[in-house]
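Enquirer: pasting the sequence and the predicted coordinates here, then a few questions.
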Amino acid sequence: MAGILFIISAPSGSGKSTLVSELRKQVSGVDFAISWTTRSPRGSEENGREYNFTARAEFQRMIDTEVFLEYAEVFGNFYGTARASLDEARAAGHDLLLDIDVQGGAQVRAKMPEAVSIFVLPPNPKVLRTRLRNRSRAEGVVVEAELYRRLSEASKEIENYRQYGYILVNDILDRAVAQLEAIVLAERFYRNGESIAYRSRRVLEVAAACLQMNAQDRLKPVLEAFGIDGSDGSQRQLDFGDDPSQDDPQDDD
């Protein structure tokens, strides 16, 4: 049976990599597409584990030979997903999860409109700033200009939430993981008739609450915190000041 393609996108620092890692510990049959990138490894990252690291010239060759299902330039570096990841997952009958930015997400949805799309939001700018700062410290360097650039870009990315079917607000990790798990199980139930046993009703309820059309009350305070008008997408200037009371470990991509 062909698997389901899941797209998960989020601003840098929203904790989506942690969510994906926890999901794969709890739900079997979910393959993860390891992206290719031209950026350098960070901290303890290893080639072939978090990313496939390559030179720009090689990445361009891969573009020219149509290796990628999608690719995009983000913060001066290229990222891409190889078509082979999808072929391998389908051959195994597994679902495939793509951890990609909004540019890549748009490319994949255009080619594969049946894909399930999930957007992860940080709860507010101060939490996001703390997560980004924690990650920078772990990497041994904090560059204020880069930090603010990523915060500014995050607000722009969040405006794309309307393009995604499901919305997760990653404020409490355990809850966000449970919601992501529910989305995967619910989609398997509806598309493939896969049983979810005694938990079925609760799982379906949790997943349904994460649908964009049902998540407006949850979305409203987050959008307001990022200065985004949910009705027209307009944005005001934000204050990204430090919040020393926040110390959030979810500081990954």
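Expert: Everything's here; your move. Numbers count the residues shown, from 1 in each chain.
Enquirer: which stretches of this structure form helices?
Expert: 16-26, 56-64, 83-92, 102-111, 125-138, 144-158, 173-192, 200-210, 216-225 (DSSP state H).
Enquirer: just the ones you listed: most buried one?
Expert: By mean neighbour count, with neighbours taken as mean count of other CB atoms under 10 Å, helix 125-138 ranks first of those at a mean of 20. The way it works is simple: take the backbone N, C-alpha and C, and place the C-beta from them, glycine included.
Enquirer: before we move on, what's the pLDDT of residue 157?
Expert: Note on residue 157: pLDDT of 92.
Enquirer: list the contacts for it?
Expert: Counting by CB atoms under 8 Å, 6 or more residues apart in numbering, residue 157 makes contact with 9, 10, 11, 101, 102.
Enquirer: residue 127: which of the residues you listed is nearest?
Expert: Residue 127 has its nearest neighbour among the contacts of residue 157 in residue 11, at 11.4 Å by CB to CB.
Enquirer: distance of the closest residue to that closest one other than its chain neighbours relative to residue 90?
Expert: Nearest residue to residue 11 in three dimensions, chain neighbours excluded: residue 154, at 3.4 Å (CB to CB, 6 or more residues apart in numbering). Relative to residue 90, residue 154 is positioned 33 Å away (CB to CB, to the nearest Å).
Enquirer: same deal with residue 100?
Expert: 18 Å.
Enquirer: in this structure the residue nearest to residue 11 contacts residue 13, no?
Expert: Yes: using CB atoms under 8 Å, residue 154 is in contact with residue 13, at 7.2 Å.
Enquirer: now for those two: what residues contact both?
Expert: Joint contacts of residue 154 and residue 13 (CB under 8 Å, 6+ apart) are 122, 128.
Enquirer: now residue 213: how far from residue 8?
Expert: 19 Å.
Enquirer: quick one, which of those two is more surrounded?
Expert: The residue with more neighbours, out of residue 213 and residue 8, is residue 8; 25 against 8, by other CB atoms under 10 Å.
Enquirer: which residues touch that one?
Expert: 16, 19, 20, 97, 98, 99, 100, 118, 119, 120, 180.
Enquirer: and what of residue 3?
Expert: Residue 3 touches 29, 31, 89, 90, 92, 93, 94, 95, 96, counting by CB under 8 Å, 6+ apart.
Enquirer: what about it, distance to residue 201?
Expert: In terms of CB to CB, residue 3 sits 24 Å off from residue 201.
Enquirer: may I ask which of the contacts of residue 157 has the most neighbours?
Expert: residue 10 (28 neighbours).
Enquirer: gap between that one and residue 65?
Expert: Distance of residue 10 to residue 65, computed by CB to CB: 30 Å.
Enquirer: contacting residues for residue 35?
Expert: 51, 52, 79, 80, 81, 99, 100.
Enquirer: mind checking how far residue 98 is from residue 16?
Expert: Residue 98 is 11 Å from residue 16, by CB to CB.
Enquirer: kindly report the same for residue 33.
Expert: Residue 33 is 13 Å from residue 16, where distance means CB to CB.
Enquirer: between those two, what contacts are shared?
Expert: residue 99.
Enquirer: just to revisit the earlier point, between the contacts of residue 157, which is closest to residue 194?
Expert: Using CB to CB, the contacts of residue 157 come closest to residue 194 at residue 9, 24.7 Å.
Enquirer: tell me the bridge partners for the closest one.
Expert: residue 119 (DSSP bridges).
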